Structures are given as structure tokens and as C-alpha cells.
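Colleague: Sequence and computational prediction follow.
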2 protein chains.
Amino acid sequence: MRVRLRDVADRAGVSVKTVSNVVNGYTHVSPEMRERVQAVLDETGYRPNLAARNLRAGRTGVIALALPELDNPYFAELTRSVVEAAEEHHLTVLVDQTDGLRDREVAAAAGFRHNLIDGLIMSPVSLGADDLDRRDPTALPLVLLGEKAGDWTADHVAIDNVAAARQATTHLLELGRVRVAALGHQPASSRESGVAHLRRQGWDDALRAAGIGPDPAWVAEVPSFGREHGAAAMAALLDGPAAVDAVFCFNDTLALGAIHTLAQRGLRVPEDVAVIGIDNIEDGRYSVPTLSTIAPAKDEIGRAAVRMLVERLEPGGEEPAPRDLRAGFELVARESTLGRRR
Amino acid sequence: MRVRLRDVADRAGVSVKTVSNVVNGYTHVSPEMRERVQAVLDETGYRPNLAARNLRAGRTGVIALALPELDNPYFAELTRSVVEAAEEHHLTVLVDQTDGLRDREVAAAAGFRHNLIDGLIMSPVSLGADDLDRRDPTALPLVLLGEKAGDWTADHVAIDNVAAARQATTHLLELGRVRVAALGHQPASSRESGVAHLRRQGWDDALRAAGIGPDPAWVAEVPSFGREHGAAAMAALLDGPAAVDAVFCFNDTLALGAIHTLAQRGLRVPEDVAVIGIDNIEDGRYSVPTLSTIAPAKDEIGRAAVRMLVERLEPGGEEPAPRDLRAGFELVARESTLGRRR
DNA sequence: ATGAAAGCGCTAACAG
DNA sequence: CTGTTAGCGCTTTCAT
């Protein structure tokens, strides 16, 4: 049987309150008392019942992180940054996989684990602004990561996706490429279409700024952002009418899939086709060729998300209005655009 | 203010018990009563306080999964399988990152979140059998994943690492390679040395069975299993005295790092050097060249781990003796050993 | 400085 | 079929 505060108290011949004081390191306890209680504590191996504490305290010290997929390297790396940031605030992170399904995202946002978690950080895919508006006002504090369309009533952290896409595309143009494909387009209704739309916008902007009219045949559509779809979309581009000399992929896994297909076809990267992605996942540092990409400041994102959440958790917090934070990013040019360095 | 069971009861003019019955779908409630209560429930948007339920029930429906690193693709993929298996048992999974640090692993195994979680699935790195023996017997149910040295007093699921390594090495030998390196050796004291030791053993066995005496110069050591160390170790091998014609890497990330280095040096895979790994991570299906590997039955592992844990959670459970389960695996031969198919 | 007692919100006995 | 009541184990007024 588990040892309770009560048991320790009986055994030490003191009241429950005194034991509680010792356990929680309260100041007003006489040294001798403290010592005696501590002895019993050690001897019995007492450990507080956290469920009881939670009930009493009304908070748990746990925050949830809801992501579409854990086995997408970008999210895995982001998770690490959130977990580390949370640790600094003495919070633990419960990771949740939504698969990008609207039901699950709505349930998570509504706080289906209220009283088990103090707050939620979520990277939404299918969730709409209206879902959030319908949310119970007493629901748990929420911070959104990544893209969102429209005006949302929650804190939000993301990079400027249009600017990031523009920079990636411009990099290709500066290398002299003139027929730059966009790989990763998604129908407006689809999952992830928020990000896809913005990244396409940036690509469009960059081409026009360079005096190039984007050819619709340069746009390759995907159902989602996995490697397999990058590979298939690249094949579709190559089989299509437009001979492109560069590909801006909407993320790194798509880019790695595209490179795979190019290699299968015997095409050289970047000599025949240059490739760039977004996310700066670890894989791209060791792929063959190494992958050029836009690197979002993942640590900044994780840290900011946790900080925003913590601010809403603090009892003294004045319920600040929803904030929108843009995280930084930078171009990381590697072999898939620059070629082998010597 | 949050609405409690009590509030609903007052408002509906019934007792708390009745409301509780309705909420929990108990049978003995008259239809009209149920309807009336349900109306108030909907109207007030009542949702039970889970912390209170947990305290009352003595269980939470949450299990923890403690892994060394979340951003290692193998663990990310394994996580997915555990999460899916847990869902079938109506359990949610709290993912924990230990970084392979002994302190954290000991803390996790001791149940530092007792009463917040019902059980733990852990992939230990630095944890020793003695740490477990010192464990509080009333501590939470534990299932270990992956390697372990010695006799442990806990359930365990893993593939037969020696056999897996033997098969990988044999595959290389069957292709006519005669100087097969082992990349991933670790000093006995190191993190992950358990797995590394067994995989080296399998390599050794396979070579001897083929009448080849393993050359110590064919063994490359790494501090841990990341891509960067695979790349560095491969460079060390190439700069060393032994000209190898194949490399058995102790996992896929090491293999991808090795392929990176080979490409940098202008060597062809597999013509000059064939490469094989273990884990069958998604990356290897799209790398250039695609990666041959040993595929552990991840779904089987996740499912088995959850099932074992659940059996110990069931109140009727008879506390079975610690079980040891071997999961299956199979060879997946791709371009890094077979070459480009045509 | 220490103790007694109330109560966090829920469910399970036990009555009625 | 429904209501009353006693805890789950802890922290926290309020006394002493």
C-alpha cells in the first residue's frame, strides 16, 4: 500500500499539516521537528500523490503540444525545442498527434483534457477560425504554431511564409535559373493549404519581381507534404510539357522526395535541376546532394510559444489580447543549388 | 467559473448522483430524468473535472513513453506505433525525452509522475539492471523497449539484434563483398553500448561463418548514433589502412551519414562501397541511393509493448512474471547494396 | 510553531 | 430508480 501524508504524520507523531510543511519546504518549522519528520519521510519513501495535488491546486504543470505528425522531422525537431523551453518553466509536455484531422484539432482546442493540462500549443491543419470562435471562453490557454488563415482569437507564432518563399525562389533566380517550378501546391480546401497558399504566393511574387510570368505548368500539386508526394509530383513535372531548371519545394521532405526522383531519372542536381526547400531538417544536411533550404528559427519558435502560454497561465496575468509573433528565418544554401564545393 | 456536477444537479433539481449517472451512461435512469439532466448538461456545457476523477479512480488513462530522442526518425516512427496502439485501449500517451541520461531514466522508471500516469514504456540507454532492482516495488508498471544487458525485472520487447546484424552482414557477403566494415561500435561504458555490442556480435558471427577473420581495422567507433557521427566514422575508415568494399552500419542514420561522406569523396554506392543499416526509417526509402536495411516490425513492437502494459494495469491481472518478447524483422534490400535497378 | 477541519470535484456504498 | 454521504490525498485558512 502506498504511504500517505497521513501515515507519515501518525508515525512521526505530528499532524498532517506539519508533514505537509516539511514536504513543501515551508519556513516556519522548528529544525528539530523538521529533522524528525524528514527521517520518517525518508524511511517510508513517501511521495506525494500528484493527482490529489492537482485537484487541490487546480493546475498540473503539464502542457500539451498537438501536432499533425510526430514522424515528420520538422515537427520532431520542433518538439525538442518546445520540450526544452517548457523544462525551463518547470513544465512537462504531453505530445499529441492529430493527424491533421479536424475533429481531433477541435477536440484538442476545446480542451478535451482540461484539468490534466494547463495549456495547449497546437500546429493546426484543418482547424478554422470559426472553430476557435465557438470555443468555450473558459477553455484552456492556447498558442497556435505555423499557419492560419484569417483572424484568430489566440496567440500565434510563425515565420513570414510569403517572405521565406520569396527568398528561396529569389535565390534560385539569382543563380541564373529562369524556369522555376513550385512544388507543393494544394487545393484551397485541403489540409495544410494555409501554408501552401502563402508559399505559392511568395514564389509568385519573386518571379514577377524578376520579370518572369509564372507558368501554370510549373506548379505541381500534392495531397500532403510527405516525401512520397514530393517524388510523385517531381515525376509529374518531368513528364509534363514544361522543362524546368529549378524547383522550389514547399518544404524539405517534398524536396528530398523530388531529389529522389531526379536521381532515378539520371538527372543531376543542381546542374540539370536545382532544388530548394523550407524547414532545415537534419536530413538535408547529409542528403546527397545536401539540401539548400530556408531555416526557420525553431528554437525561437518553441521558446516564444511556451513563453506566451506561460504568460497566460500566471495568475497575475492580465489576459493580454491575442498576439501575433513572427519568428526569424534565414537562407541556408547547400549543394542542391550551389553544386559541390571544392 | 467552471460548472460542476453540483451546479448541474441544482439547476436540474436532482441529486449529484443522478447527474453523475447520466454523465457516465449508467443504466438505471428513467428516460425522462435522463432527458432533463442531459438538457441542463448541454445547456451549461458541463465537462467533468478529470483531476478529480483521477484522484477518485486512482488511475488516469495516461501512459508515458520515455525515449532518448524524439528527433531520431526511428523513435519518431516508433512513437506513432505506440500512440496508435494506446488509442485502441483508450489510453493517451505522454512522450518524454530522456536524452539517454541516466538520471532521467532512473527518475522516469521510479515513477516521478506517479498518479499522473498509469504506466511507462521506456527505451533505456544508460539505465542498468541494478537501477531497476532498487526500484520501489509499488512503482508503476514498466515495459522496456530495445536493448538491455543482463537480467531485468521488467517486461521487455526487442528484436534479436544479433540475428538482425548477422542477416545484414550476410547480405553483403552474399553480394560478393569480402571486406565488410562495422560502423557504430561503442566503448562498453557508453550510451547505447548495449545495442552496439550485440550488433557487432552479429557482424562478427557472419564474417566468421563465411570464413573471414574480422579485421579490427574494419571497426569504426562512434560516440552516438547520429548522422554526423556516421559521416565522421566513414571518413575515418576511408582514411585508415583498410580498403573496405562494404559497410554494415549499426543503424540507418549512421548509414545515411556514411553515404554522405562517400558521395563527398566521389565514391560510388554500391559499386565502390555497399552500405546497409538497421531500422528502416522513412528517409532510407527516398535517399540517393535508396538505403538497404533491416526492418524491425515497429507496429508489432508498439502493439506488444502497450498490450503488456495494459495487462499489468488490469485490476484482475495476476502479476505475470517479467516477459521477454522478440519482435520480428526482415531484410529490405535497396540500391545501396543492389545498385540501380533497371 | 503546530493542530483541526474544511473542501478541491468526483464516484461508490448504502439507504430509501 | 434516486438521494445522502463518505471519502480519494492533499493544501490551506483559522485557531491555538
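Modeller: All right, it came through fine.
Colleague: Contact partners for the one residue in the stretch 151-300 of chain A that gets nearest to DNA strand C?
Modeller: For the stretch 151-300 of chain A and DNA strand C, the shortest gap (C-beta to the nearest atom of the strand) falls at A:Ala154, measuring 24.3 Å. For the C-beta atoms, the positions are set from N, CA and C on the backbone; glycine is no exception. A:Ala154 is in contact with A:132, A:142-144, A:322, counting by C-beta atoms under 8 Å, 6 or more residues apart in numbering or on different chains.
Colleague: now it, nearest residue through space, not along the chain?
Modeller: Using C-beta to C-beta, 6 or more residues apart in numbering or on different chains and skipping residues adjacent in sequence, the residue nearest A:Ala154 is A:Leu142, 4.6 Å away.
Colleague: any idea which helix or strand carries A:Gly184?
Modeller: Per DSSP states H and E: A:Gly184 is located in strand A:180-185.
Colleague: Quick one: classify A:Leu144 as helix, strand or coil.
Modeller: Under DSSP: H, G, I helix; E, B strand; the rest coil, A:Leu144 falls in the strand class.
Colleague: my read: it touches A:Pro124, true?
Modeller: Yes: using C-beta atoms under 8 Å, A:Leu144 is in contact with A:Pro124, at 6.0 Å.
Colleague: More neighbours: the two, which one.
Modeller: More crowded of A:Leu144 and A:Pro124, by other C-beta atoms under 10 Å in any protein chain shown: A:Pro124, with 31 against 24.
Colleague: From A:Val195, how far out is the more buried one?
Modeller: 11 Å (C-beta to C-beta, to the nearest Å).
Colleague: quick one: common contacting residues for the two?
Modeller: A:Gly146.
Colleague: ok, the closest residue to A:Ile301 other than its chain neighbours - how many residues close by?
Modeller: Nearest residue to A:Ile301, sequence neighbours excluded (C-beta to C-beta, 6+ apart): A:Ala327, at 4.7 Å. Neighbour count for A:Ala327, taken as other C-beta under 10 Å: 19.
Colleague: same question, A:Arg104
Modeller: 19.
Colleague: Am I right that it is in contact with A:Thr98?
Modeller: Yes: with contact defined as C-beta under 8 Å, A:Arg104 reaches A:Thr98; the gap is 4.2 Å.
Colleague: what touches both of those two?
Modeller: By C-beta under 8 Å, 6+ apart, the residues touching both A:Arg104 and A:Thr98 are A:Ala66.
Colleague: Go through stretch A:267-274 and flag the buried ones.
Modeller: A:269-270, A:273-274 (16 or more other C-beta atoms under 10 Å in any protein chain shown).
Colleague: coming back round to it: what's the spacing between the strand holding A:Gly184 and its chain's center?
Modeller: The chain centroid and the centroid of strand A:180-185 are separated by 23 Å under C-alpha atoms, centre = their mean, to the nearest Å.
Colleague: in its sheet, what does that strand sit against?
Modeller: strand A:219-221 (parallel), strand A:246-249 (parallel) (DSSP bridges).
Colleague: and of those, who's closest to B:Gly13?
Modeller: For those, proximity to B:Gly13 was assessed by C-beta to C-beta; strand A:219-221 is nearest, at 58.2 Å.
Colleague: does A:Ala139 belong to a helix or a strand, and which?
Modeller: Using DSSP H and E, A:Ala139 falls outside every helix and strand.
Colleague: now it, nearest residue through space, not along the chain?
Modeller: The nearest residue in space to A:Ala139 (C-beta to C-beta, 6+ apart) is A:Gly111, at 4.5 Å.
Colleague: Please list all residues in contact with that neighbour.
Modeller: Applying C-beta under 8 Å, 6+ apart, the residues near A:Gly111 are A:117, A:120, A:136, A:139-140, B:47.
Colleague: In a markdown table, list the strands paired with strand A:180-185 along with mean neighbour count, mean pLDDT and distance to DNA strand D.
Modeller: Formatted as a markdown table, those follow (neighbours: other C-beta atoms under 10 Å in any protein chain shown; pLDDT from 0 to 100; distance: least, C-beta to the nearest atom of the strand, whole Å):
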| stretch | mean neighbour count | mean pLDDT | distance to DNA strand D |
| --- | --- | --- | --- |
| strand A:219-221 | 20 | 97 | 55 |
| strand A:246-249 | 31 | 98 | 52 |
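Colleague: Which one, of the ones you listed, ends up nearest to A:Thr18?
Modeller: Comparing the strands paired with strand A:180-185 by C-beta to C-beta, strand A:246-249 comes nearest, at 64.1 Å.
Colleague: quick one: the helix or strand just after that closest one near chain B?
Modeller: Heading C-terminal from strand A:246-249, the first helix or strand you meet, by DSSP H and E, is helix A:252-264. Yes: judged by C-beta under 8 Å from any C-beta of the partner chain, helix A:252-264 comes into contact with chain B at A:256-257, A:259-260, A:263.
Colleague: Please tell me which one of these counts the most neighbours.
Modeller: So for these (other C-beta under 10 Å), the most neighbours sit at A:Ile259, 31 neighbours.
Colleague: List the buried residues of the lowest-mean-pLDDT helix or strand in chain A.
Modeller: One helix or strand of chain A scores below all others by mean pLDDT, DSSP states H and E: helix A:129-133, with a mean of 79. For helix A:129-133, burial by neighbour count (16+ other C-beta under 10 Å) applies to A:131-132.
Colleague: Check which helices and strands that helix is in contact with.
Modeller: Packing partners of helix A:129-133 (3 or more C-beta pairs under 8 Å, 6 or more residues apart in numbering or on different chains; DSSP states H and E): helix A:102-110.
Colleague: could you point out which element follows the helix it packs on?
Modeller: strand A:119-122.
Colleague: I'd assumed A:Ser123 was in contact with the residue nearest to A:Ala154.
Modeller: No: taking contacts as C-beta under 8 Å, A:Leu142 lies outside contact range of A:Ser123: 11.7 Å.
Colleague: Can you pull the residues of chain A lying near DNA strand D?
Modeller: For chain A, the residues in contact with DNA strand D (C-beta under 7 Å from any atom of the strand) are A:2, A:4-6, A:16-17, A:20-21, A:23-24, A:46, A:48-49, A:52-53, A:55-57.
Colleague: How many residues are close by A:Leu175?
Modeller: Neighbour number of A:Leu175 under other C-beta under 10 Å is 17.
Colleague: again, but for A:Ala188
Modeller: 9.
Colleague: same deal with A:Ile212?
Modeller: Count around A:Ile212 with other C-beta under 10 Å applied: 16.
Colleague: Now do the contacts for it.
Modeller: A:173, A:178, A:180.
Colleague: Pull up the gap between it and A:Ser336, please.
Modeller: A:Ile212 is 21 Å from A:Ser336, by C-beta to C-beta.
Colleague: So which of the buried residues of stretch A:267-274 are in strands?
Modeller: A:Ala274 (DSSP state E).
Colleague: What ranges does chain A have for its helices?
Modeller: A:5-12, A:16-23, A:31-44, A:50-57, A:73-88, A:102-110, A:129-133, A:161-174, A:193-209, A:227-239, A:252-264, A:283-286, A:298-313, A:335-338 (DSSP state H).
Colleague: Deepest-packed of the ones you listed, please.
Modeller: Of these, the one with the most neighbours on average (mean count of other C-beta atoms under 10 Å in any protein chain shown) is helix A:252-264, at a mean of 26.
Colleague: what helices or strands is that helix leaning on?
Modeller: helix A:73-88, strand A:180-185, helix A:227-239, strand A:246-249, strand A:274-278, helix A:283-286, helix B:283-286.
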